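> Turn this into a structure:
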Amino acid sequence: MTKKDEDTKYLECEKQYVFYSLIFAGGVFGGYTFVQRGGIFCNAQTANLVMLAIHLGQGDWNGALYYFIPFTAYLGGIMLSELLAFSIKPLHLMRWDTLLIGIEAVVTIIVGFIPQSAPDQISQVSLNFLAAMQFNTFRQAEGVGMATTFVTNHVRQFGSHLVQFLHHHKDVNLNRLARHGFMILSFVAGAAVCSGLTLLIKDYAIWAATAVEIFIFIRLLHADRTYEKELLYRKPHGH
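This next block holds a predicted model:
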């Protein structure tokens, strides 16, 4: 393989199926914290900051603090993911991307066992951290910018490429239209599955994300230890 071929080859952690799977898990996260753990959105922080501002404007300091906690957890998750990404490389055992998904699987298993009597903030902060680290770590799916925890940009891209395809009938627009459309559907499916499962198994509904994470972890770890062992030093595109 030439240097050029190596640089343009996509790593396993950049494959489309990984991103479709992770945004499904992201949908589970969002559905879980909103339905089952205190009405908080863990995937992104726009809604939480709006609620924070509303409570500040009304002079409700305790209410503002309630929404400030998930925001700080999300910010901390992004910062921690940046620091850990540098620490994992010298180990030459697995990529940070792989380790993160393994951590997610363990944490979501634990979250499922947290009783309803415990403060919601325990689950909220845990999933905020995971969502932030996942968002910051998985950035491009085979050269296309993708977010795996929320769909705002995917909706924009879907609409933009739909108009461009109708005007120009280019395959590239159709391909990206399909990619972003499937990301939206996967996210909605994750939230819907989680919402339905909360009616049946309550707190254990988060394990729908765990199942996906275990699958992705096995695939990525296999890549790290076999056919991508010599590429552990490579940064995924977008970093």
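> and the helix or strand in which residue 54 is found, how far out from the chain's middle?
Using DSSP states H and E, the secondary-structure element containing residue 54 is helix 46-57. For helix 46-57, the gap between its own C-alpha mean and the chain's C-alpha mean amounts to 23 Å (CA atoms, centre = their mean, to the nearest Å).
> Over to stretch 221-239?
Distance of stretch 221-239 from its chain centroid, counting by CA atoms, centre = their mean, is 19 Å.
> pull the CA atoms of that stretch into CSV?
This file holds the C-alpha atoms of stretch 221-239, laid out as CSV (Å, rounded to 0.1, in the frame of the first residue of the first chain):
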residue,chain,number,x,y,z
LEU,A,221,-11.2,-4.1,18.8
HIS,A,222,-10.9,-6.8,16.2
ALA,A,223,-9.7,-4.2,13.7
ASP,A,224,-7.2,-2.7,16.1
ARG,A,225,-5.7,-6.1,16.9
THR,A,226,-5.6,-7.5,13.4
TYR,A,227,-5.8,-5.7,10.0
GLU,A,228,-5.4,-2.2,11.4
LYS,A,229,-2.8,-3.0,14.0
GLU,A,230,-0.2,-1.0,12.0
LEU,A,231,-2.5,2.0,11.7
LEU,A,232,-3.0,2.7,15.4
TYR,A,233,-1.0,5.9,15.1
ARG,A,234,-3.5,7.2,12.4
LYS,A,235,-5.9,9.9,13.4
PRO,A,236,-9.4,9.5,11.9
HIS,A,237,-10.3,12.1,9.3
GLY,A,238,-11.7,15.3,10.9
HIS,A,239,-9.2,15.3,13.8
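> tell me which residues of it are tucked away?
Buried residues in stretch 221-239, defined by neighbour count with 16 or more other CB atoms under 10 Å: 221, 223, 224, 228, 232, 236, 237. Every residue, glycine included, has its C-beta placed from N, CA and C.
> Check which helices and strands the helix holding residue 54 sits against.
Applying 3 or more CB pairs under 8 Å, 6 or more residues apart in numbering; DSSP states H and E, we find helix 46-57 packed against helix 61-88.
> Of all the residues in the longest helix seen in the chain, which ones are buried?
Across the chain, the longest stretch assigned as helix under DSSP state H is helix 171-201. Under the neighbour-count criterion of 16+ other CB under 10 Å, helix 171-201 has 173, 176-177, 179-187, 190-191, 193-195, 197-198 buried.
> got it, and stretch 39-51?
Within stretch 39-51, the residues scored as buried using 16+ other CB under 10 Å are 40, 41, 42, 43, 44, 45, 48, 51.
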